[in-house]
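**Q** only geometry, no sequence info:
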DNA sequence: GTTTTTTATGTGAGTGCTTACTTATTTATA
DNA sequence: TATAAATAAGTAAGCACTCACATAAAAAAC
């Protein structure tokens, strides 16, 4: 069975249900990890924020690392959904355009913004990049650049993704970063 | 008195001297903060790594934050020195070439690598970008692009610096990142 | 359909250990 | 000998995690 957009969406709809309190722990941990960092957030703090006994964290997730991994696993799914619309675009120009619009889409929604901030924060705190998450996107970009006649589509795709990491760094950390100026400049560079 | 390369270098040579053990603490803390993170590194660990009693850290730096700030302050100076050779280059093509060579220079020296890794790690842990550190470099790049006839030199410079942040993210976090492939591709893109 | 048994969910007071930091005392240097 | 540098041995607070126990929900037995 081939992987399609519908299959990706289905995987989220059929996601295993969980208890109210378990979900509250996940939401509280996501918020605290994103704002204070993983190591700086204690399990007692998470329990307090979630309105739950501390022991329940360990009942559901085994240990603190288990809670972290549960959040990361959930994140992989969210990321795939977030990229699905780009990956299955057939027109190359439109694909690049949609890709460049990613950061604007992130900036528009506070919850989405927090999610990606956490992803980058954890990357640096745990020192794992998780390149497999970006691989389908890189491949789709590479195909698009190839269709558009670029001489080095694979490298062109990689460089564009590296650029996205740079933009994320600035957007989340530099207080007066002018996102629109940079994105529209990139539009002209790629002749869109 | 105008700021020149010599003035920048002088500031390091005349830098206040410090005791052996104080410097050992700074070196150990830099290494541990860079590789394990600020919150994940205990003062006792630093003392052990430096071969020094734990109390000495607090005698010299007051508290853990004081040690962190001392490292960051030292870092601003190191960053200026590191960029000086690029900023005072007059030939635009050579300036861009030297800039693109920065990451290779970082990769060559473990201590320099630790230093820049720490800078980025702390950026994310403390959520401050410190754009003023990069401003002279951005200005120099902008002038170079202007000399080379680029229509939007300021934006071109900013995009190149953003790219550097992306490259740093990959270089420090993605285990199999091919730095040389990306850098040499950028050389061709800028026709160097 | 009610009782009994089993399982899943949840609690809060502990556990030993580590943390950042202090203080009293000794060692080196000028 | 006076002052600064360094140490060893603390301290209270906070950490991740455990455990005996309570309750609620589901399954099984009658």
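**A** Thanks, I have it. Since this is a predicted model, take the numbers as computed values, not measurements.

**Q** contact partners for the closest residue to chain B within chain A?
**A** Going by CB to the nearest CB, chain B is nearest to residue A:166 of chain A, at 3.3 Å. In short, each C-beta sits where N, CA and C put it, glycine included. By CB atoms under 8 Å, 6 or more residues apart in numbering or on different chains, residue A:166 lies in contact with B:161-167, B:169.

**Q** farthest pair within the residues you listed?
**A** Greatest spatial distance among the contacts of residue A:166 (CB to CB): B:161 and B:169, at 13.2 Å.

**Q** okay, those two: which has more neighbours?
**A** Neighbours per residue, other CB atoms under 10 Å in any protein chain shown: of residue B:161 and residue B:169, the larger number sits with residue B:169, 23 against 17.

**Q** ok, for that one, nearest residue in space, not its chain neighbours?
**A** residue A:165 (4.3 Å; CB to CB, 6 or more residues apart in numbering or on different chains).

**Q** specify the local secondary structure of that neighbour.
**A** Secondary structure state of residue A:165, per DSSP: H, G, I helix; E, B strand; the rest coil, is helix.

**Q** quick one: it and residue B:170, what's the gap?
**A** 7 Å (CB to CB, to the nearest Å).

**Q** same question for residue A:100.
**A** As judged by CB to CB, residue A:100 and residue B:170 stand 19 Å apart.

**Q** same deal with residue A:147?
**A** According to CB to CB, residue A:147 stands 25 Å off from residue B:170.

**Q** and those two? Which one has more around it.
**A** residue B:170 (22 against 14).

**Q** name the element residue A:161 belongs to?
**A** Secondary structure from DSSP states H and E places residue A:161 in helix A:153-173.

**Q** so after that helix, what's the next helix or strand?
**A** Once the chain leaves helix A:153-173, the next helix or strand it forms, by DSSP H and E, is helix A:179-189.

**Q** what does the lengthiest helix in chain A contact?
**A** Looking across chain A with DSSP state H, the single longest helix is helix A:64-87. Residues from elsewhere that reach helix A:64-87 (CB under 8 Å, 6+ apart): A:5, A:8-9, A:11-12, A:15, A:25-26, A:29-30, A:33, A:38, A:43, A:46, A:57, A:60-61, A:95, A:98-99, A:102, A:112, A:115, A:118-119, A:122, A:126, A:130, A:133, A:136-137, A:140.

**Q** now do residue A:67 against DNA strand D, distance only.
**A** For residue A:67, the distance to DNA strand D equals 8 Å [CB to the nearest atom of the strand, to the nearest Å].

**Q** quick check: domain ranges of chain A?
**A** Domains of chain A are assigned by automatic domain parsing as A:1-75, A:89-192.

**Q** quick one: is stretch A:34-41 near chain B?
**A** Yes - using CB under 8 Å from any CB of the partner chain, stretch A:34-41 reaches chain B at A:37, A:39-40.

**Q** residue contacts, residue A:61?
**A** Neighbouring residues of residue A:61 by CB under 8 Å, 6+ apart: A:25, A:67, A:70.

**Q** for the closest residue to the first one other than its chain neighbours, grab phi and psi.
**A** Pointing back at residue A:25 there. Spatially, and ignoring its direct neighbours in sequence, residue A:25 is nearest to residue A:50 (4.8 Å; CB to CB, 6+ apart). Main-chain torsions, residue A:50, degrees, to the nearest 10: phi -80, psi -10.

**Q** next, count neighbours for the nearest residue to residue A:147 once chain neighbours are set aside.
**A** Leaving out its chain neighbours, the residue that sits closest to residue A:147 by CB to CB, 6+ apart is residue A:92, at 4.1 Å. Here the number of neighbours of residue A:92 (other CB under 10 Å) works out to 19.

**Q** residue A:92 contacts residue A:144, doesn't it?
**A** Yes - distance between residue A:92 and residue A:144: 3.8 Å, which falls inside the contact criterion (CB atoms under 8 Å).

**Q** mind listing what's buried along stretch A:59-72?
**A** Buried residues in stretch A:59-72, counting neighbours by 16 or more other CB atoms under 10 Å in any protein chain shown, are found at A:60-61, A:64, A:67-68, A:70-72.

**Q** to clarify, my last question referred to stretch A:31-44.
**A** So, applying 16+ other CB under 10 Å, buried residues of stretch A:31-44: A:31-34, A:36-41, A:43.

**Q** anything in it near DNA strand C?
**A** No - Stretch A:31-44 lies out of reach of DNA strand C by CB under 7 Å from any atom of the strand, never closer than 7.9 Å.

**Q** chain center to stretch A:53-68: distance?
**A** Relative to its chain's centre, stretch A:53-68 lies at 23 Å (CA atoms, centre = their mean, to the nearest Å).

**Q** before we move on, back to that, okay if I get the buried residues of stretch A:31-44 as a markdown table plus pLDDT?
**A** Putting the buried residues of stretch A:31-44 into a markdown table (pLDDT from 0 to 100) gives the following:
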| residue | pLDDT |
| --- | --- |
| A:31 | 92 |
| A:32 | 95 |
| A:33 | 94 |
| A:34 | 93 |
| A:36 | 93 |
| A:37 | 94 |
| A:38 | 95 |
| A:39 | 95 |
| A:40 | 95 |
| A:41 | 97 |
| A:43 | 97 |
